[in-house]
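In: kindly return the folded structure for what I paste below:
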Amino acid sequence: MQIIKNKKLDAVLLGADGWDMHAFSRNALFDNSYATVHWFINAGIEGSERFIDNYKARFGDTPDAVAALTYDAMQMLFSALEKAGTDDGILLQKALLEMDSYKGVSGPIDFIDSGNPQKGVIVLKLKNGEASLERIVENGER
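Out: Numbers count the residues shown, from 1 in each chain. All right, here's what the predicted structure looks like:
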């Protein structure tokens, strides 16, 4: 980022979930940049508030994106186990592929025919030392 500023390039940066939001949001060089993430505590996704409260009560800390995605993955696995009635990998995969859209704490998740998950993305804006919700881009939205 310092190189971009030194070269006096007028560019809006878009980072991905690999950016350290805490470090980058507090660095003035990243003001007016954007980043995409899988989960954001202030996104207001249905079910997130309960997840956050339960997580804080159990672990005494605020959940991060890894905690939210892990929670969603395990809930989907539990649903697939119930639907398949077995822990056979092939039947679990089939149950996941046939599952209706899962309404997770990180947003709706669907499996496409290839078996890959499809979900929306959260766009954050970095400004004045804070990361704030810019928008949520849902599955299939452009």
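In: got a list of what the most centrally placed residue in the chain touches?
Out: Central residue check for the chain by Cα atoms, centre = their mean: the C-alpha nearest the mean position is that of residue 38, 1.5 Å away. Listed by Cβ atoms under 8 Å, 6 or more residues apart in numbering, the contact partners of residue 38 are 17, 65, 68, 69, 106, 119, 121, 122. Where you see a C-beta, it was placed from the backbone N, CA and C, and this is true even at glycine.
In: now, those that are in helices?
Out: Among the contacts of residue 38, DSSP state H puts 65, 68, 69 in helices.
In: where does the second one land on pLDDT?
Out: Spelled out, that is residue 68. On pLDDT, residue 68 comes in at 96.
In: pretty sure it sits against residue 107.
Out: No. Assessed by Cβ atoms under 8 Å, residue 68 is found out of contact with residue 107, at 9.5 Å.
In: need the residues touching each of these two.
Out: Joint contacts of residue 68 and residue 107 (Cβ under 8 Å, 6+ apart) are residue 39.
In: and the helix or strand bottoming out on mean pLDDT in the chain, C-alpha only, in CSV?
Out: Here the helix or strand of the chain ranked lowest by mean pLDDT, DSSP states H and E is helix 2-6, holding a mean of 73. In CSV, the C-alpha atoms belonging to helix 2-6 read as follows (Å, rounded to 0.1, in the frame of the first residue of the first chain):
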residue,chain,number,x,y,z
GLN,A,2,2.8,2.4,0.8
ILE,A,3,4.2,1.9,-2.7
ILE,A,4,0.8,2.8,-4.2
LYS,A,5,0.7,6.0,-2.1
ASN,A,6,4.4,6.8,-2.9
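In: what does that helix contact?
Out: Contacts of helix 2-6 (Cβ under 8 Å, 6+ apart): 11, 13, 29.
In: please indicate which of those residues are buried?
Out: Neighbour counting with 16 or more other Cβ atoms under 10 Å marks residue 13 as buried within the contacts of helix 2-6.
In: how close does the closest residue to residue 97 other than its chain neighbours sit to residue 74?
Out: Nearest non-adjacent residue to residue 97, counting by Cβ to Cβ, 6 or more residues apart in numbering: residue 111, 5.1 Å away. In this view, residue 111 and residue 74 are 16 Å apart by Cβ to Cβ, to the nearest Å.
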